[in-house]
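Peer 1: Have a look at this prediction, sequence included:
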Amino acid sequence: MAKPVSIEVWNPSGKYRVISTKPMPGTRWIRLLTDQDCRVEICTLKKTILSVEDILALIGDRCDGVIGQLTEDWGEVLFSALSRAGGRAFSNMAVGYNNVDVEAANKYGVAVGNTPIDSRGLNAMGVKYGPETSNIELFQKHNAFHVSLALCGVLTETTAELAASLSLAAARRIVEADEFMRAGLYEGWLPHLFVGNLLKGQTVGVIGAGRIGSAYARMMVEGFKMNLIYYDLYQSTRLEKFVTAYGQFLKANGEQPVTWKRASTMDEVLQEADVISLHPILDKTTYHLINKERLSNMKKEAILINCSRGPVVDEVALVEHLKANPMFRVGLDVFEARSLTYDEPHMKPGLADMKNAIVVPHIASASKWTREGMATLAALNVLGKIKGYPIWSNPNNVEPFLNENSPPPAASPSIVNAKALGLTASKL
Ligand SMILES: NC(=O)c1ccc[n+]([C@@H]2O[C@H](COP(=O)([O-])OP(=O)(O)OC[C@H]3O[C@@H](n4cnc5c(N)ncnc54)[C@H](O)[C@@H]3O)[C@@H](O)[C@H]2O)c1
Ligand SMILES: O=C(O)[C@H](O)CO
């Protein structure tokens, strides 16, 4: 057993010892584990970011699985310790897993789970949707509002909504105006007071049009009638069809249609877009994707949003750019780290003083439903490996795991190294 660090124990006589390095939202995840003979130990240490040593103490001599957080450095040291303690299951409570050395996990035979949550809503609305169904068909069968809802997921939509909130807040200078009001500086309406940018008819640029980038693009296109330009290594046919169909819908209603363009270079997006939102994964190829030179390619009054990972932007260069271009605005949910792992809460010097920057503490996925769903998926990833269940065949459709009224499928929802470990896919 682990050294007596500060822990809360559920089902003390459970056969499998599962650790959660943090208390997580909701109780369903605990119930799902204890119902399956797990003893759940939750670390309650009053320390925001646990060190490798803290986690080693938690793992102790015997541990079957760990649910960890994106703030932790899961590498060689922790995976070897988990393996020595008999554990073969780990899950991040996050969709991003740049804090995890997957090679090291492979070496010790540890499954690594993450929490991609998508495709909720279609089935609930009775809309039949599959890869063979185009968005145009969906538009024809259902109105735009339904389709837009249907295509968004739990973590995906929550994160995209925060990116959209930051875009609006930056465009309309909401944080500055709020501070002005609270400081008692408002003396009466003035023609020039906090004049910002109108989004309608402008161009939104998305870099990384995966799950979240596409959901954000749809919100901005549909919500504010913006034209879209995107850059991704892969074509996002579904997104393109959505914008085409929405454009047709607007035209049929006598409105200016929206347009889309897939850029062949990232610089094309930077030069053309009025609002640019970053949604790639963080890896060596996306580190400092936005640097001094690229910032200088953007419009002087552009808005840059980052809800992906801090190091995608060179934050030092960003501060310089914000100082030199007062009409350029940013909305940041994430901040740069010293490495590819994790180093928030630090901000680079000068950023906090910039009026043209909106900064929030990594809250993009912070809706109750999403966070409880993430906890459930992380717990089920670990449980599935412990019980020898197969891997869910479609990690982008994990809705059956989230339905509180029925038992979850006997599978791990999303194991990122399933192939490397030779784990079999579920036939469910
Ligand atoms: N701020 C938050 O709280 C929060 C919440 C959820 C996810 N995230 C971050 O968002 C990231 C994206 O999540 P997702 O679910 O949309 O992932 P995803 O895998 O669906 O999408 C990522 C996209 O980025 C593209 N991409 C990769 N390298 C690129 C490059 N060099 N240039 C352009 N595009 C590139 C990929 O092709 C893919 O389409 C996660 O990895 C995570 O780091 C942050
Ligand atoms: O990767 C993730 O899931 C986020 O950064 C936290 O929700």
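Peer 2: Structure's in. What do you need? Ligands and ions are numbered 1, 2, ... in the order given.

Peer 1: for the residue in the stretch 1-150 of the chain positioned nearest to ligand 1, helix, strand, or coil?
Peer 2: Proximity of the stretch 1-150 of the chain to ligand 1 (C-beta to the nearest ligand atom) peaks at Gly96, 2.8 Å away. The C-beta positions use only the backbone N, C-alpha and C, and glycine is treated the same way. Three-state assignment for Gly96 (DSSP: H, G, I helix; E, B strand; the rest coil): coil.

Peer 1: So it sits against His279, correct?
Peer 2: No - assessed by C-beta atoms under 8 Å, Gly96 is found out of contact with His279, at 10.9 Å.

Peer 1: Report the set of residues contacting both of those two.
Peer 2: Ser308 (C-beta atoms under 8 Å, 6 or more residues apart in numbering).

Peer 1: okay, the two: which has more neighbours?
Peer 2: His279 (26 against 18; other C-beta atoms under 10 Å).

Peer 1: so what's the more buried one scoring on pLDDT?
Peer 2: His279 is assigned a predicted lDDT (pLDDT) of 98.

Peer 1: Tell me the residues of the stretch 301-428 of the chain that contact ligand 1?
Peer 2: Cys307, Ser308, Arg309, Asp333, Val334, His362, Ala364, Ser365 (C-beta under 6 Å from any ligand atom).

Peer 1: about what we covered before: got a list of what the residue of the stretch 1-150 of the chain closest to ligand 1 touches?
Peer 2: Contacts of Gly96 (C-beta under 8 Å, 6+ apart): Leu70, Asn114, Ile281, Leu282, Ser308, Arg309.

Peer 1: Pick out whichever of those residues sits closest to His192.
Peer 2: Ser308 (34.5 Å; C-beta to C-beta).

Peer 1: part of a strand, is that closest one?
Peer 2: No - read with three-state DSSP, Ser308 is coil and lies in no strand.

Peer 1: Near it, how many other residues are there?
Peer 2: Neighbours of Ser308 (other C-beta under 10 Å): 28.

Peer 1: Surely it touches Ile276?
Peer 2: No - with contact defined as C-beta under 8 Å, Ser308 does not count as touching Ile276 (11.9 Å).

Peer 1: and the longest helix for the protein?
Peer 2: If you go by DSSP state H, the chain has its longest helix at helix 368-387.

Peer 1: Following it in sequence, what is the next regular element?
Peer 2: For helix 368-387, the following helix or strand on the C-terminal side (DSSP states H and E) is helix 399-402.

Peer 1: who does that following helix touch, helix- and strand-wise?
Peer 2: The contact analysis (3 or more C-beta pairs under 8 Å, 6 or more residues apart in numbering; DSSP states H and E) places helix 399-402 against helix 368-387.

Peer 1: Run the contact check for the helix it packs on versus ligand 2.
Peer 2: No - shown here: helix 368-387 not in contact with ligand 2 (C-beta under 6 Å from any ligand atom), separated by at least 6.6 Å.

Peer 1: what does the average pLDDT come to for that helix?
Peer 2: 96.

Peer 1: For Gly60, give its distance to Trp369.
Peer 2: 34 Å (C-beta to C-beta, to the nearest Å).

Peer 1: Please read the previous query as pertaining to Thr48.
Peer 2: 23 Å.

Peer 1: contacting residues for Thr286?
Peer 2: By C-beta under 8 Å, 6+ apart, the contact set of Thr286 is Gly208, Pro280, Ser308, Val312.

Peer 1: cool, Gln235 as well?
Peer 2: Arg262.

Peer 1: Could you give the secondary structure assignment for it?
Peer 2: coil.

Peer 1: low pLDDT regions in the stretch 301-428 of the chain?
Peer 2: Along the stretch 301-428 of the chain, segments meeting pLDDT under 70 span 337-344, 428.

Peer 1: Could you report the neighbour count for the closest residue to ligand 1 within it?
Peer 2: Taking C-beta to the nearest ligand atom as the measure, the point where the stretch 301-428 of the chain comes nearest ligand 1 is Ala364, at 3.4 Å. Other residues within reach of Ala364, judged by other C-beta under 10 Å, total 22.

Peer 1: Confirm for me that it is in contact with Thr159.
Peer 2: Yes - applying C-beta under 8 Å, one finds Ala364 in contact with Thr159, separated by 4.2 Å.

Peer 1: Can you check which residues contact both of those two?
Peer 2: In contact with both Ala364 and Thr159: Cys307, using C-beta under 8 Å, 6+ apart.

Peer 1: circling back to that earlier point, what's the PyMOL syntax to select whichever of the residues of the stretch 301-428 of the chain next to ligand 1 are buried?
Peer 2: This is the PyMOL syntax for the buried subset of those, where burial follows 16 or more other C-beta atoms under 10 Å:
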select buried, resi 307+308+309+333+334+362+364+365
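
Peer 1: In TSV, list the residues of the stretch 301-428 of the chain next to ligand 1 along with distance to ligand 2.
Peer 2: TSV is the format used below for those (distance: C-beta to the nearest ligand atom, whole Å):
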residue	distance to ligand 2
Cys307	8
Ser308	8
Arg309	7
Asp333	8
Val334	7
His362	6
Ala364	6
Ser365	3
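
Peer 1: could you pull out the strands for this structure?
Peer 2: According to DSSP state E, the chain carries its strands in the segments 7-10, 16-20, 38-43, 65-68, 89-92, 111-113, 203-207, 227-231, 260-262, 275-278, 303-306, 329-332, 357-359.

Peer 1: Quick check: neighbours of the third one in the sheet, parallel or antiparallel?
Peer 2: The sheet places strand 38-43 alongside strand 7-10 (antiparallel), strand 16-20 (parallel), with pairing taken from DSSP bridges.
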